[in-house]
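Chemist: can't give you the sequence, but here's the structure:
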């Protein structure tokens with residue numbers, strides 16, 4: 001099952017939950033095999049994005065894709081942390 005089409009992956013800034021995703025996430029492996037992406041095209045991890053050490057979108061037209069090998073609860077906790085960070089930065 002694919003969650004992202006090739007155009008979305010090609011246009012996106014791709015983040016992963018951990019380095020293992022580069023070898024375990026089928027959509028990324030397929031994109032690498034088709035020459036659509038290279039492992040070095042993955043911008044960073046969700047932690048790096050949340051900490052601000054890797055930048056997210058800089059324009060409204062950009063999209064960000066997050067691929068995970070973690071469990072759903074980890075995804076939910078990460079999403080909550082990103083949302084809370086956004087709220088904190090919006091209030092400053």
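Modeler: Alright, I've got the coordinates. Treat the numbers as computed from the prediction; the structure is a model and nothing was measured.
Chemist: hmm, who's touching the helix of greatest length in the chain?
Modeler: Among the segments of the chain that qualify as a helix by DSSP state H, the longest is helix 72-90. Residues outside helix 72-90 that contact it (CB atoms under 8 Å, 6 or more residues apart in numbering) are 17, 46, 49, 50, 68. Where C-beta positions appear, they are placed from N, C-alpha and C, glycine not excepted.
Chemist: among these, who's most crowded?
Modeler: The most crowded member of these, judged by other CB atoms under 10 Å, is residue 46 (23 neighbours).
Chemist: is it true that that one touches residue 17?
Modeler: Yes. Using CB atoms under 8 Å, residue 46 makes contact with residue 17 at a distance of 5.5 Å.
Chemist: Need the overlap of contacts for these two.
Modeler: By CB under 8 Å, 6+ apart, the residues touching both residue 46 and residue 17 are 66, 68, 78.
Chemist: Is it possible to get JSON lines of the residues you listed that adds pLDDT?
Modeler: Listed next are the shared contacts of residue 46 and residue 17 as JSON lines, based on pLDDT from 0 to 100:
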{"residue": "66", "pLDDT": "90"}
{"residue": "68", "pLDDT": "85"}
{"residue": "78", "pLDDT": "79"}
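Chemist: Please tabulate those in TSV and include distance to residue 24 as additional columns.
Modeler: Output for the shared contacts of residue 46 and residue 17, formatted as TSV (distance: CB to CB, whole Å):
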residue	distance to residue 24
66	14
68	10
78	17
